[in-house]
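Chemist: Sequence first, then the predicted structure, then my questions.
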Amino acid sequence: MHKTNASITAIDNIFITRTKNYYIPHTNGLSDHDAQIIVIKKNTVLTKQRNNITTKRDINDQSILEFQLLLSHKNWEEIFMEDDANISFNKFLNIYLRIFHSCFIKKCKNSSTVSKPWITKGIKTACNQKRELYLKARDSNEMEHKLYYKHYCKILSKVI
């Protein structure tokens, strides 16, 4: 947790495993504490991330010029004539997004390159070992396991 006079932030990872009709927290070894319980409504749909596919908008000089041209040719009078600010904003946003999506098209492409090439096979193996040590230290009352886990974490942090 990061705390200042003006704000407090807590950043953590949550991993879940889906089994039939419910989800269970998955211990990943990246955090110093166990996962918090999260309740997901029955009809919630979790989407699977497609492996090796990246989505990117095609933004280039030509598409920017087209975007500016379409915005400049649009008649904005209906927005300025609206008395309700919420309706006016929603109309503006709909027009703007329609033009934006038509000019800056999403393109999907297969990515054959590793997105984080600095993560070597050795680092992945060490992270898996850290997870195993974490589980062992968590489930054990022996101080020896906890001390070894902390020592392993320090070494791995230096390597990474």
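Modeler: Looks like it came in fine.

Chemist: Could you break the chain into its assigned domains?
Modeler: 2-50+113-159, 53-110 (automatic domain parsing).

Chemist: How far does the shortest one stretch from one end to the other?
Modeler: Domain 53-110 stretches 4 Å from its first residue to its last (Cα to Cα, to the nearest Å).

Chemist: going forward, begin numbering at 48 instead of 1
Modeler: Understood, numbering begins at 48; the last thing we discussed is domain 100-157.

Chemist: pLDDT (mean, whole number) over it?
Modeler: Over the span of domain 100-157, the pLDDT mean works out to 88.

Chemist: now what about stretch 199-207, what contacts it?
Modeler: Applying Cβ atoms under 8 Å, 6 or more residues apart in numbering, the external contacts of stretch 199-207 come out as 170, 173, 174, 176, 177, 180. All C-beta atoms are positioned from the backbone trio N, CA, C, and that covers glycine.

Chemist: Count the neighbours of the third one for me.
Modeler: Looking back up the chat, that one is residue 174. 16 (other Cβ atoms under 10 Å).
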